[in-house]
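> with the sequence up front, the predicted model follows.
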Amino acid sequence: MGPMQSTYAAPTVGFDLDMTLVDSRPGIKATYLVIAAETGVPIDADLAVSRLGPPLERELAEWFPAERVTEMVERYRALYPVHAIEPSPALPGAKDAIQAVREAGGRAIVVTAKNAPLARLHLSHLGIEADEVVGGLWAEGKAEALSAHGAKVYVGDHIGDVRGAATAGALSVAVTTGPCAAEELRAAGAQVVLSDLTDFRRWWEGYRG
């Protein structure tokens, strides 16, 4: 602990990745288009990226028969580093939100449905430093990692993130940068709704008191 830091231990804060910290739509769209070209299976990539949040398997099952989903997941993950990392920018305020937590002596963890190695590639490319990255968890399943790391707050953009926070007994902070509108997020139980992460630092400082 630095000499200027108080002995107050700021809480661990969890963040979702896609459409919370990173606008991964350009990269995901590019990856789907490559898969469509390779397989000859028409994929509406714009539709796919309009409903990010649930696991990859669920989206691929919309386009491929069940017996091909595992194969396509593997192919998608092989293509992703080449096609998806470079074109996907950080969302406004993302880096500052992580910094705000860490500056206060808290831990910032990323809990995402995305495969963890791919999530780490995004963060590394964008210069976002999380204390921990846990992948492969969706909705209520995110509570497993949030509880294990003692997260008191979870920040996400999807009603699934709100459910994950509730299951973990964490405060749900939602941003409207993803597919879910503010009213939908509040109806799902979000206690705090921000337009984007540029509002996070001000909220965080008030929350910490």
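That came through, no problem.
> pretty sure Ser24 sits against Ala84.
Yes: assessed by CB atoms under 8 Å, Ser24 is found in contact with Ala84 at 6.7 Å. No exception for glycine: its C-beta is placed from N, CA and C like everyone else's.
> Leu91 - how many residues pack around it?
Number of residues near Leu91 (other CB atoms under 10 Å) recorded here: 23.
> distance of it from Leu194?
11 Å (CB to CB, to the nearest Å).
> all the strands of the protein, in order from the start?
12-15, 108-111, 132-134, 151-156, 171-175, 192-194 (DSSP state E).
> let me have these in JSON lines, extended by mean neighbour count, mean pLDDT and distance to Gly209.
Shown next, in JSON lines, are those (neighbours: other CB atoms under 10 Å; pLDDT from 0 to 100; distance: least, CB to CB, whole Å):
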{"stretch": "strand 12-15", "mean neighbour count": "27", "mean pLDDT": "98", "distance to Gly209": "15"}
{"stretch": "strand 108-111", "mean neighbour count": "27", "mean pLDDT": "98", "distance to Gly209": "19"}
{"stretch": "strand 132-134", "mean neighbour count": "18", "mean pLDDT": "98", "distance to Gly209": "25"}
{"stretch": "strand 151-156", "mean neighbour count": "27", "mean pLDDT": "98", "distance to Gly209": "13"}
{"stretch": "strand 171-175", "mean neighbour count": "27", "mean pLDDT": "98", "distance to Gly209": "14"}
{"stretch": "strand 192-194", "mean neighbour count": "19", "mean pLDDT": "98", "distance to Gly209": "15"}
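> output these as TSV; include the columns distance to Ala78.
Conversion of the strands of the chain to TSV gives the following (distance: least, CB to CB, whole Å):
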stretch	distance to Ala78
strand 12-15	26
strand 108-111	22
strand 132-134	20
strand 151-156	27
strand 171-175	30
strand 192-194	35
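> how about those, which one is nearest Glu67?
Minimum separation from Glu67 across the strands of the chain (CB to CB) falls at strand 132-134, 29.3 Å.
> what strands flank the closest one, and is each parallel or antiparallel?
Strand 132-134 pairs in its sheet with strand 108-111 (parallel), by DSSP bridges.
> quick one: contacts for Thr112?
Contacts for Thr112 (CB atoms under 8 Å, 6 or more residues apart in numbering) come out as 16-18, 119, 133-135, 137.
> for Tyr207, see how far away it is.
23 Å.
> cool, Val153 as well?
Counting by CB to CB, the gap from Val153 to Tyr207 is 8 Å.
> so what sits against both of these two?
Common neighbours of Val153 and Tyr207 (CB under 8 Å, 6+ apart) are Leu171.
> for the record, mean pLDDT for stretch 63-82?
The pLDDT scores in stretch 63-82 average 98.
> buried residues in it?
63-64, 69, 72-73, 75-76, 79-81 (16 or more other CB atoms under 10 Å).
> any residues touching whichever helix in the chain runs longest, and which ones?
Counting by DSSP state H, the longest helix found in the chain is helix 66-83. Contacts with helix 66-83, where a contact means CB under 8 Å, 6+ apart, come from 27, 30-32, 34-35, 38-39, 56-57, 60-61, 64, 115, 118, 121.
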